[in-house]
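Enquirer: please find the sequence and the predicted model below.
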Amino acid sequence: MKLFRNLSLKNKIFISTFAIIMLLSCLIGLFTRWVLINSLTSELKLRGAGIARGIAEGGSEFILTRDRTELTSLIYDARVGEKENLVNYIFVTDIRGYIIAHTFVEEFPENLKKHFKSNTIIESSLLQLNGYNIFDIVVSAKEGIYEIGRIHVGLNKSHIDNLIAKLRFTFICFLSLVTVVFFFLSQFLSKYITKPISELIMFSNSLSAGNYNINDYPETDEKSMKDEVWQLRHSFINMTRHIIRSQSKLIISEDKYRSLFAEGPNPVFVCEKSTLMILDANPAAVNKLGFSIEELIKKSILDFGNFDPQILFKRSTSANGKILPKIKEEFIKKDGDKIFVSIHSSSAKYENKDVLIIATPDISEIVEKDSQLIQASKMTGLGIMSASIAHELNQPLNVIKMGSEFLLFLDETGKDISQEEQSKIITEINGQVDRATEIINRLKEFGRKADFSRERVNVNNQIKSVLKIVEKHFNLQSICIELSLDENISEIEAHGNRIEQVVFNLLTNARDAINQRREHDSSDFKGLIRIESFMNNDSTAFTIKDNGFGIPDKYRDRIFEAFFTTKKMGEGMGMGLSIINGIVKDYNGYIEVIESTGIETVFKVKFPVIQGNL
């Protein structure tokens, strides 16, 4: 069995097929021989019985008369011709078993006498007589219904043996021919069956050796083939061809993206998703931050900036492997300098690990220009309100001037006043100085250039701070401001000056919309701006509602685009809403127009509340 197991599949199929064919041939030969022997033996017995019946019918008279001469002549005549080699002997007995006539030349054999008393009408038995196998056939001779004697016919079994020997030779020749035919047929079948498997083995060995040349194997449609083994062979080759093509495309893709990774101008980090430890970084990251690749791999992405990592994980989960929204952060370089970066991240697989691909392009110049643009917008707003601001500042200055002139007059004229009146005048002057100082400080605070740092901010405080600057100006333009602030709102993570810029721009837009409506309606139209702050689920929100000229529906999707404006030429550049939209998004907030009709507009701004400590 071990030897058979070590044979090739081709030889196993050949030997198995040949052995089965030979076994079937032998079984068929044995069955055929058994059928032939039985058939020939039965035929021989029937012929012997026919000879015996013929003698019984023709010699019944001689049996009754015991005419030995006629009976002997009759039984000799029955052996004449072709029957001579077939019939070994014939003898006739009466009903008592006495031999009347026989064909034996010599004395009658003793071993035949024991069959004389058989009561069977036709009986055959195999006897040994003078070294020959003899079938002894017994037939009764009757006269009417009475048995008058018996005829024994001995048939040579060698006749059957000779016929069987001839048939055996013929069958052996036929079996040899069949064996030769099936030998070559087995060879062909084994070779045909194992050919695709042999080609698969050769093809697999070629692949294992690194030879991916499959041009010698044409593409085929295995569905059009009926042979399952050949289908397997062609399917495997076609599958390998597709894999090689896909691998080639993958190599090209990897080379392309490796080139983007290695030669891209922006820093790119590969960070483990669970720990945010850096696994790899491109040369741009090394050059931009000043760390070597070995130093970067030992760090976490959080070591370069102070931002909440949960933002990345939340967005990674919601993005389902797509590019995630950007985040602006401040990174610290090796030499201590700070740069502003825009963080773009996406989920990926890297060396069977879940990772985040984090790109951090340097946006320091963009942030600086944004700051300049915001500053210019604030200065423009202050310039527009300069008259009302000057009027507000002029009031305490007038009081100070009147008080100081009165004291100077008293000094020149030498008049005296009571200590109480002098103290009251000095106190009033001092209070007006404080008021003027407060106005100037408020303008300085609002007008200073904001940075990108983050702190705890209460939106209510920023709204109130802006109102201190614009309320007088709005009152001069007959615009009333109503406040409905929730004092229990949660703080947000932002920069106060930048939130003030958002409120300031929305209020100035509301003022312009009211003035625009006043031009169309009447000059005595009363403007109204209502400001509300409240909690909106897990967000802190505020709305600014005005009863001015609304935003047409066709413009609502474009109002946050840069340089888009509905104002007249020279009245605006269309940057106000674009600027505050950028500020709101910098702090993961959201701004929208929730209502705009011909008589009122409502802007809603919301920010996520602070989770834990900064």
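Expert: Arrived safely, thanks for sending.

Enquirer: which residues in the stretch 51-200 of the chain form helices?
Expert: Counting by DSSP state H, counting those that start in this stretch, the stretch 51-200 of the chain has helices at residues 68-77, 83-86, 157-208.

Enquirer: can you give me the helices in the stretch 501-614 of the chain?
Expert: 576-586.

Enquirer: thinking again about what came up before, okay, the helices of the stretch 51-200 of the chain in TSV with mean pLDDT and mean neighbour count next?
Expert: Every C-beta, even on glycine, is put in place using the N, C-alpha and C of the backbone. Supplementary listing: these in TSV, determined by pLDDT from 0 to 100; neighbours: other CB atoms under 10 Å:
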stretch	mean pLDDT	mean neighbour count
helix 68-77	84	17
helix 83-86	74	14
helix 157-208	73	14
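
Enquirer: how about those, which one is nearest Asn547?
Expert: Minimum separation from Asn547 across the helices of the stretch 51-200 of the chain (CB to CB) falls at helix 157-208, 78.2 Å.

Enquirer: which helices and strands does that closest one pack with?
Expert: In this structure, helix 157-208 packs against helix 9-65, strand 132-143, helix 228-263, with contacts taken as 3 or more CB pairs under 8 Å, 6 or more residues apart in numbering; DSSP states H and E.

Enquirer: dump these into TSV; add distance to Met535, mean pLDDT and mean neighbour count as well.
Expert: TSV is the format used below for the helices and strands packed on helix 157-208 (distance: least, CB to CB, whole Å; pLDDT from 0 to 100; neighbours: other CB atoms under 10 Å):
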stretch	distance to Met535	mean pLDDT	mean neighbour count
helix 9-65	77	77	16
strand 132-143	121	82	19
helix 228-263	44	73	13
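
Enquirer: output those as JSON lines; include the columns distance to Ile363.
Expert: JSON lines is the format used below for these (distance: least, CB to CB, whole Å):
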{"stretch": "helix 9-65", "distance to Ile363": "67"}
{"stretch": "strand 132-143", "distance to Ile363": "118"}
{"stretch": "helix 228-263", "distance to Ile363": "19"}
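
Enquirer: among the ones you listed, which is nearest Glu107?
Expert: Here strand 132-143 is closest among the helices and strands packed on helix 157-208 (CB to CB), at 16.9 Å.

Enquirer: residues of stretch 145-157 that come out buried?
Expert: Of the residues in stretch 145-157, those buried by neighbour count under the rule 16 or more other CB atoms under 10 Å are Ile148, Gly149, Arg150, Ile151, His152, Val153, Gly154, Leu155, Asn156, Lys157.

Enquirer: what's around Gly305, how many residues?
Expert: The tally of other residues near Gly305 (other CB atoms under 10 Å) stands at 17.

Enquirer: on that earlier part again, just give me the least confident of the buried residues of stretch 145-157.
Expert: Least confident of the buried residues of stretch 145-157 in the model: Lys157, at 78.

Enquirer: how about the nearest residue to that residue once chain neighbours are set aside, what does it touch?
Expert: Excluding its sequence neighbours, the residue lying closest to Lys157 (CB to CB, 6 or more residues apart in numbering) is Asn133, at 3.8 Å. Contacts for Asn133 (CB atoms under 8 Å, 6 or more residues apart in numbering) come out as Leu126, Leu127, Asn156, Lys157, Ser158.

Enquirer: cool, and Leu167?
Expert: Contacts of Leu167 were listed using CB under 8 Å, 6+ apart, and they are Arg33, Leu36.

Enquirer: gap between it and Leu36?
Expert: Spatial separation of Leu167 from Leu36 under the definition CB to CB, to the nearest Å is 6 Å.

Enquirer: again with Ser204
Expert: With distances defined as CB to CB, the gap from Ser204 to Leu36 amounts to 54 Å.

Enquirer: need the CA coordinates for stretch 588-595. CSV is fine.
Expert: Extracted in CSV, the C-alpha atoms of stretch 588-595 (Å, rounded to 0.1, in the frame of the first residue of the first chain):
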residue,chain,number,x,y,z
ASN,A,588,-16.4,72.7,15.3
GLY,A,589,-19.5,74.9,15.3
TYR,A,590,-22.3,75.4,12.8
ILE,A,591,-24.1,78.4,11.4
GLU,A,592,-27.3,78.4,9.4
VAL,A,593,-30.2,80.5,8.3
ILE,A,594,-33.2,78.9,10.0
GLU,A,595,-35.8,81.5,8.7
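
Enquirer: can I get the contacts of Asn133 in CSV with distance to Ser292?
Expert: Output for the contacts of Asn133, formatted as CSV (distance: CB to CB, whole Å):
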residue, distance to Ser292
Leu126, 109
Leu127, 115
Asn156, 113
Lys157, 109
Ser158, 109
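
Enquirer: can you pick out the most distant pair from the residues you listed?
Expert: Looking at those by CB to CB, the two members farthest from one another are Leu127 and Ser158, with 13.1 Å of separation.

Enquirer: now do the buried residues in stretch 550-562.
Expert: Across stretch 550-562, burial judged by 16+ other CB under 10 Å covers Gly550, Ile551, Ile559, Phe560.

Enquirer: out of those, flag the one nearest to Ile301.
Expert: Proximity of these to Ile301 (CB to CB) peaks at Phe560, which lies at 30.6 Å.

Enquirer: so what does the closest one look like in phi/psi?
Expert: Here the main-chain torsion angles of Phe560 (degrees, to the nearest 10) amount to phi -90, psi 0.

Enquirer: chain neighbours aside, what residue packs nearest to it?
Expert: Closest residue to Phe560 in three dimensions, ignoring its sequence neighbours and counting by CB to CB, 6+ apart: Asn581, at 4.4 Å.

Enquirer: roughly how far apart are the one you found and Gln501?
Expert: 12 Å.

Enquirer: now do Ala348
Expert: Distance, Ala348 to Gln501, by CB to CB: 37 Å.

Enquirer: try Arg558
Expert: Applying CB to CB, one obtains 22 Å for the distance of Arg558 from Gln501.

Enquirer: now do the helix or strand containing Ile463: distance to the chain's middle.
Expert: Ile463 is located in helix 459-476, with elements delineated by DSSP states H and E. Its chain's average C-alpha position is 57 Å from that of helix 459-476, according to CA atoms, centre = their mean, to the nearest Å.

Enquirer: show the subsequent helix or strand relative to that helix.
Expert: On the C-terminal side of helix 459-476, the closest following helix or strand by DSSP H and E is strand 479-484.

Enquirer: partners of that next one, with directions?
Expert: Each strand paired with strand 479-484, and its direction, by DSSP bridges: strand 527-536 (parallel).

Enquirer: contact partners of the strand it pairs with?
Expert: Outside strand 527-536, the residues that touch it by CB under 8 Å, 6+ apart are 459-460, 463, 474, 477-486, 488-490, 507, 510-511, 514-515, 517-518, 540-548, 606.

Enquirer: out of those, which are buried?
Expert: Judged by 16+ other CB under 10 Å, buried ones among these: 459-460, 463, 474, 479, 481, 485, 489-490, 507, 510-511, 514-515, 517-518, 540-548, 606.

Enquirer: return the subset of these lying in strands.
Expert: Those of these mapping onto strands are Ile479, Ile481, Thr540, Ala541, Phe542, Thr543, Ile544, Lys545, Asp546, Lys606, per DSSP state E.
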